[in-house]
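Student: could you look at this predicted model? Sequence included:
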Amino acid sequence: MDFLDEIVLTGLTVFGRHGVYDHERAEGQEFTIDLRLRLDLALAAASDDVVDTVHYGELAEKVAAIVAGEPVDLIETLASRIADAALDDGRVQQVVVTVHKPHAPIPLTFTDVSVTLTRRRSATEAAA
């Protein structure tokens, strides 16, 4: 089933120590996260109760803990961990995660480096 409803969180900026180089782990840097959740929001709209939706404040805290937590080499891995955390809530049918690394160690002038991945529930997970 396709849901057109979305919860979007953009620009969550968190200090982390991710990267393949030792100095990235030692010095750390800011990462910016964008999330797009697809789910059915009809119940929340009708009830006007936060328990009937994904609490984006609580999700932001989970994501921040992942970014500030255990270092990984690749932002692809970081994005996957964030997607898994979003899909922990069974109401989320699809998540699009973008991890921005604007201070990546590239010896050229650039604005941003980012990785975007999309994860969705399988048909059997959605039916469960």
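Tutor: In hand now; what should we look at?
Student: all helices of this protein, in order?
Tutor: Assigned by DSSP state H, the chain shows helices spanning 22-27, 42-47, 56-68, 75-87, 123-127.
Student: tell me the most buried of the ones you listed?
Tutor: Of the helices of the chain, the one with the most neighbours on average (mean count of other CB atoms under 10 Å) is helix 75-87, at a mean of 19. Yep, even glycine has a C-beta here, placed from its N, CA and C like the rest.
Student: show me what it is packed against.
Tutor: strand 29-38, helix 56-68, strand 94-100, strand 114-120 (3 or more CB pairs under 8 Å, 6 or more residues apart in numbering; DSSP states H and E).
Student: identify the residues contacting that helix?
Tutor: 16, 18, 31, 33, 35, 37, 54, 59, 62-63, 66-67, 72, 92, 95, 97-99, 101, 113-117, 119, 121 (CB atoms under 8 Å, 6 or more residues apart in numbering).
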